[in-house]
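In: Below are the sequence and a predicted model for it; my questions follow.
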Amino acid sequence: MTPDTGVVLVFSATAGYRHASIAAGAAALADLAGEHGLRTRHTEDPDDLREGALAACAAVVFLSPTGEVLHDRSRAALRDYVTGGGGFLGVHAATCAEYDWPYYGELLGARFDGHPEIQPADVLVHDRTHPATAHLPATWRRTDEWYNFRAGPAGRGVRVLASADEDSYDGGTMGTTHPLVWCHPAGEGRVFYTALGHLESAYADPEFRRHLGGALQWCAGLAD
């Protein structure tokens, strides 16, 4: 699928907890998209995830949605968009949405399973060849809300780019393998997920912005 326009659809509807960082995240994504000749459309209306509109998108970003926020038509349109070659970027609470839709769990690669209190921790960057992680140090010290997952992503083509060092903070439940950032193919499409991005301040941080911008480039097919 070759995008007809440079639109990035940013979707952030919430039917559960609402992150205060959504507005800052949407603004940061607009800036980052603009750096690459793209523009964003921020929506919380599932009707905007429809076949004709998605076919013209360079990428779709789920920015911390929570709960059941899609209907059957938008689910079908999103599935067809990604499997047909579209790019999908999930940010932070994207793993807290659509628990009743099995395909969405496969698309993201994991489901949220709680978190400890916000605190500093070490992110271990395993793959520094991806545009989202190439600029990062091997150990990236950050303060965030460290998500635990029911299970880590698995399957053909999954690349875990970074993980949490559970020895560096309290409350991790996944042991020595605690993925935080990964990407994988889905049909003909590209999927990227980063568990980072809880705090509003993250979206003003240069390293995190480059992380998010690299993920967006990759999902939009602008970088390998």
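Out: Nice, I can see it. Numbering: from 1, shown residues only.
In: Packing partners of the helix-or-strand element of the chain with minimal mean pLDDT?
Out: Each helix and strand of the chain was given a mean pLDDT (mean pLDDT, DSSP states H and E); the minimum falls on helix 51-55 at a mean of 91. Of the remaining helices and strands, those touching helix 51-55 by 3 or more CB pairs under 8 Å, 6 or more residues apart in numbering; DSSP states H and E are helix 72-83. Placement of C-beta: from N, CA and C, glycine included.
In: tell me the angle of the very next helix or strand once past the helix it packs on relative to helix 72-83?
Out: The C-terminal neighbour of helix 72-83 among helices and strands, as given by DSSP states H and E, is strand 87-91. Taking axes from the mean of the first three to the mean of the last three CA atoms, to 10 degrees, strand 87-91 and helix 72-83 form an angle of 110 degrees between their directions.
In: Give me the distance between strand 87-91 and the centre of its chain.
Out: On the basis of CA atoms, centre = their mean, to the nearest Å, the separation between the geometric centre of strand 87-91 and that of its chain is 4 Å.
In: Just list whatever residues bridge to the spatially most central residue of the chain.
Out: Closest to where the C-alpha atoms of the chain average out (CA atoms, centre = their mean) is Gly90, at 2.0 Å. Beta bridges link Gly90 to Phe62, Tyr193 when assigned by DSSP bridges.
In: Touching, it and Ser64? I think so.
Out: No - applying CB atoms under 8 Å, one finds Gly90 not in contact with Ser64, separated by 9.2 Å.
In: any idea how far the residue nearest to His19 when sequence neighbours are not counted is from Gly34?
Out: Excluding the flanking residues, the one nearest His19 by CB to CB, 6 or more residues apart in numbering is Ser64, at 4.4 Å. Plainly put, Ser64 is 21 Å away from Gly34 if you go by CB to CB, to the nearest Å.
In: Flag every buried residue along stretch 206-216.
Out: Judged by neighbour count (16 or more other CB atoms under 10 Å), stretch 206-216 contains these buried residues: Phe208, Arg209, Arg210, His211, Leu212, Gly213, Gly214, Ala215, Leu216.
In: what's the closest of those to Thr95?
Out: Each of the buried residues of stretch 206-216 was scored against Thr95 by CB to CB, and Ala215 proved nearest at 14.9 Å.
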